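*Asks:* sequence and predicted structure below; questions after.
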Amino acid sequence: MLATASPHSSRATDDAPANGAAVTVLKATKSCFSDVVDVFGILRPKEEIAVRPDRPGLKVAEVMVDAGQTVTAGQTLARLSPPEGGSILVQAPAAGMVGASSAVVGAVASGKGEALFSIITGNEFDLVAQVPTRDLARLKVDQPATIKIIGAGDIDGKVRRVAATVEPNTQLGQVFIAVDARKFLLVNSPGRASIKVGESCGVSVPLTAILYSSAGTVIQVVRRQRVETRRVETGLMSGGNVEIRDGLAEGDVVVARAGALLREGDQVRPVSAESN
C-alpha cells in the first residue's frame, strides 16, 4: 500500500532543530520510465540480389566493378568467355551498391555456387539480433528502437519481424529491426538496439536515495525533522533515477543520499538539495 504524504512533509525544512545533523533532502516526484529490451546484432541489407550466370562452363574474362561501388540497372559488371568463343556480359539486374564480389579473372563462373556479385538494392537495412526466450515474447512488430552503429552514431528504427521459434541449443530467437538509414552504413557492422516495449509512470527518486539493508530495499524519509525508514518496491531505472512502485508518495521528503549513519528516529536538520 502506498504511503500517503504527510501534510507536514512539505515543511520538513522549516523550523529545523539547531542541534540536528544536517542532511540533504529532496522531494519524491512523478516521472515516466521506458521499459526497454537491449539486443546486440549485425547489420544486414533488407534486400540483396545474387548475380550468377545462367549457364555453366563460363570463365571470367574481365571484371568491371568492385565491391562498394554504386551501379545502375543494366550496367555491365563483368565479361565472361564461353567455350565456343565470344563473350557474355553480366549486367546489374537493379540499381544499388555492390555488397560483395567473388569475380576474379580466369575463375570459372558457376550458376549454382557462390554468386559473382551481390547487389544491395535501395538503402534499407536490418539489425539482425539474437534475443533470449524471456525477452522474445515481449517484442512486437512496430515497437520503436534506438540503434547504435559503430561509426554511424544513434539511428532510429523499429521492429520489423520477430522469430516464431528459438534455436533449441542456445534458446535464442531472431529479431529483425528495420534501420532508418539516412547515411552510409557498412554491411555486417555490429550494432546495439534498445527496443521500447512499454512505459511506466509513477513516483521517482535518485538511485542514491535507495538503501539496501537486511530489511530489504528502503528509503529514508524525513518527517517533522526526524528520520523514518520506509520499505519500498522499486521498478524501472533510467538516467540515475528509479521508479518507486510502493512505499512512497509524491511529495514525500527523502534523504538524497541514504546511508547507514542515519537511524530510525534520528533528529536531523534537512537542507533542500535545490539550495545546495
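*Replies:* That came through fine.

*Asks:* please, where are all the strands along the stretch 51-200 of the chain?
*Replies:* 58-63, 70-71, 76-81, 88-91, 96-101, 108-109, 117-120, 125-132, 144-149, 153-162, 172-179, 190-206 (DSSP state E, counting those that start in this stretch).

*Asks:* any idea which of those gets closest to residue 220?
*Replies:* With C-beta to C-beta, the closest approach to residue 220 among these belongs to strand 190-206: 10.6 Å. C-beta: built from backbone N, CA, C; applies to glycine.

*Asks:* contact partners for the most centrally placed residue in the chain?
*Replies:* Closest to where the C-alpha atoms of the chain average out (C-alpha atoms, centre = their mean) is residue 194, at 1.6 Å. By C-beta atoms under 8 Å, 6 or more residues apart in numbering, the contact set of residue 194 is 36, 37, 38, 145, 146.

*Asks:* now the last one. Nearest residue, chain neighbours left out?
*Replies:* Computed as C-beta to C-beta, 6 or more residues apart in numbering, the closest residue to residue 146 that is not its neighbour in sequence is residue 194, at 5.0 Å.

*Asks:* follow-up on the earlier one: so which of the strands of the stretch 51-200 of the chain is nearest residue 47?
*Replies:* Here strand 117-120 is closest among the strands of the stretch 51-200 of the chain (C-beta to C-beta), at 7.2 Å.

*Asks:* who touches the closest one?
*Replies:* Taking C-beta under 8 Å, 6+ apart as the rule, strand 117-120 contacts 45, 47-51, 65, 71, 77-78, 90, 92-94, 96-103, 187.

*Asks:* filter these down to the buried ones.
*Replies:* Buried subset of the contacts of strand 117-120 (neighbour count, 16 or more other C-beta atoms under 10 Å): 45, 48-49, 51, 65, 71, 77-78, 90, 92, 96-101, 103, 187.
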